[in-house]
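Student: okay, sequence plus prediction incoming.
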Amino acid sequence: MACLWKAEVSQDLEHLFGCAVQVSQRGGSAVWVNPADAARSICGCTYKNLRFRIFPAPEGFNLRAEIVLSSNERLNSIPIVDQEWRRFVTEVVRRVSRSDRLPFSERFLNRLVQAKLLLMPYRFARIGLPRPRSDQQCWLMLDSLFPQPDDSWLNLL
């Protein structure tokens, strides 16, 4: 964790990438930056709160987060690409043997797992920018979320 604090860190949206963060013009709550304006492609931040979102998708599910930064600013819909968290949530979904598998898994994450995370003294997220799309928009993604998941939490299912 100490190494993370040596990287670029911001407490608010304005300073994550050194440029303005834009809200989706398609009516969603995803956000993007213009790559020509960005000063960096990854930045860390502490978070006060988070909420997991699981949406059905052809390949299984889409995993997103709503994060409240220390500045009380909110990232409402940011895809989680952190491999450990994706592995953990895949295992949660796999273990749920109910017809409402995704909603039940989301409730589990937002009650029991979220409570564990918010008790931790150090909460840190690395927000990254992928390569720009053809429309010159880099949509923010949650590259790493700390603390990382603990497989013992699966026993709470």
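Tutor: That came in fine, so what should we check first?
Student: against which helices or strands is the longest strand seen in the chain packed?
Tutor: In the chain, with assignment by DSSP state E, the single longest strand is strand 42-57. Helices and strands touching strand 42-57, as assessed by 3 or more Cβ pairs under 8 Å, 6 or more residues apart in numbering; DSSP states H and E, comprise strand 60-69, helix 83-95, helix 101-108, helix 114-119, strand 124-128. C-beta: built from backbone N, CA, C; applies to glycine.
Student: and the helix or strand just after the shortest one, which strands flank it?
Tutor: When you say that, I think you mean strand 124-128. For strand 124-128, the following helix or strand on the C-terminal side (DSSP states H and E) is strand 138-139. Sheet pairing for strand 138-139, assigned by DSSP bridges, gives strand 31-33 (antiparallel).
Student: contacts for the strand it pairs with, please.
Tutor: Strand 31-33 is contacted by residues 17, 19-24, 75-78, 129, 137-140 when judged by Cβ atoms under 8 Å, 6 or more residues apart in numbering.
Student: buried subset of these?
Tutor: Using 16 or more other Cβ atoms under 10 Å as the burial test, those include 17, 19, 21-22, 75-78, 129, 137-140 as buried.
Student: between those residues, which is nearest Pro56?
Tutor: Comparing those against Pro56 with Cβ to Cβ places Ser77 closest, at 15.2 Å.
Student: hmm, Leu63 and the closest one touching each other?
Tutor: No - with contact defined as Cβ atoms under 8 Å, Ser77 does not count as touching Leu63 (11.1 Å).
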